[in-house]
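Asker: any chance you can model this:
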Amino acid sequence: MSDFEVLDRVLTARRSCRGFLPEPVPRDVVERVLAAAQHTASWCNTQPWQVHIVSGEAKKALSTAAVENVIATFGQPAPSDFAFPAAYTGVYDERRKEVGWQLYDAVGVVRGDREASAMQMLRNFEFFGAPHVAIITTDADLGVYGAIDCGLYVNSFMLAAEALGIGTCAQAAMGQVAPAIRAQLDLSDDRLVVCGIAFGHPDPEHPTAQFRSHRAAVSNAVAFVD
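Answerer: So this is what the prediction gives:
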């Protein structure tokens, strides 16, 4: 199999995993993922990402603090370090709703059941039961380009994990609880929370493993200008 075929297979196989087995990922496997992701390209080679791998009791404490933060700020603007989208319109709204209902259908949340949808939302802050979560931060002085570089790092991390049979889910929701994360991890004010990555051994029998989100055709995203 050629290098391209291997990469294409990993890109195609990767999905957002929302159901994990409880067994932790061995440290040497986590370190292999991190070593591969460290080769990520960045603007001027700044490499702005800092990564906290949170597991065990520390993960439980972080989850508790995150849920408390969500409840305390319910109905208020999210206290995130980066502004969330002002609105989802047009095709972006359509795609967001489509994958949302795919998830709800998989776990049995029916339209109009606000209590069930709220409980499913809180699963974000329990990291979907994953044994680990990677918290990704950037330096405040690097602004949006630091966040873009961290986005590249997140993709590298997830692809490396996929190649080793580890499931991942990138979680922008962690930005909603930046104050809780900052307090739990003792982050300085110059570190901005970009996102989290829940990861662990995927549970192939979990209901959420039974659907895949769709991708737009290349022609919908690319224009050739000659």
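Asker: go ahead and flag the most central residue of this protein.
Answerer: residue 170 (1.2 Å; CA atoms, centre = their mean).
Asker: distance of that residue relative to residue 70?
Answerer: Residue 170 sits 18 Å away from residue 70, going by CB to CB, to the nearest Å. (Glycine included, C-beta is placed from N, CA and C.)
Asker: how about residue 108?
Answerer: For residue 108, the distance to residue 70 - CB to CB - is 22 Å.
Asker: more neighbours, the two?
Answerer: residue 70 (19 against 10; other CB atoms under 10 Å).
Asker: the helix or strand where the more buried one lies packs against which elements?
Answerer: Assigned by DSSP states H and E, residue 70 belongs to helix 56-72. If contacts are counted by 3 or more CB pairs under 8 Å, 6 or more residues apart in numbering; DSSP states H and E, helix 56-72 sits against strand 132-139, helix 178-185.
Asker: next secondary structure after that helix?
Answerer: Helix 56-72 is succeeded, C-terminally, by helix 90-107 (DSSP H and E).
Asker: quick one, the host helix or strand of residue 154 and strand 132-139 angle?
Answerer: Taking DSSP H and E as the definition, one finds residue 154 inside helix 143-163. On the basis of axes from the mean of the first three to the mean of the last three CA atoms, to 10 degrees, helix 143-163 is oriented at 160 degrees to strand 132-139.
Asker: let me see the mean pLDDT of helix 143-163.
Answerer: What helix 143-163 shows for mean pLDDT is 98.
Asker: and what of stretch 56-72?
Answerer: 94.
Asker: can you give me phi and psi for the residue nearest to the centre of the chain?
Answerer: When read as degrees, to the nearest 10, the backbone of residue 170 gives phi -70, psi 130.
Asker: quick one, what contacts it?
Answerer: When contacts are counted by CB atoms under 8 Å, 6 or more residues apart in numbering, residue 170 touches 16, 154, 158, 195, 196, 197.
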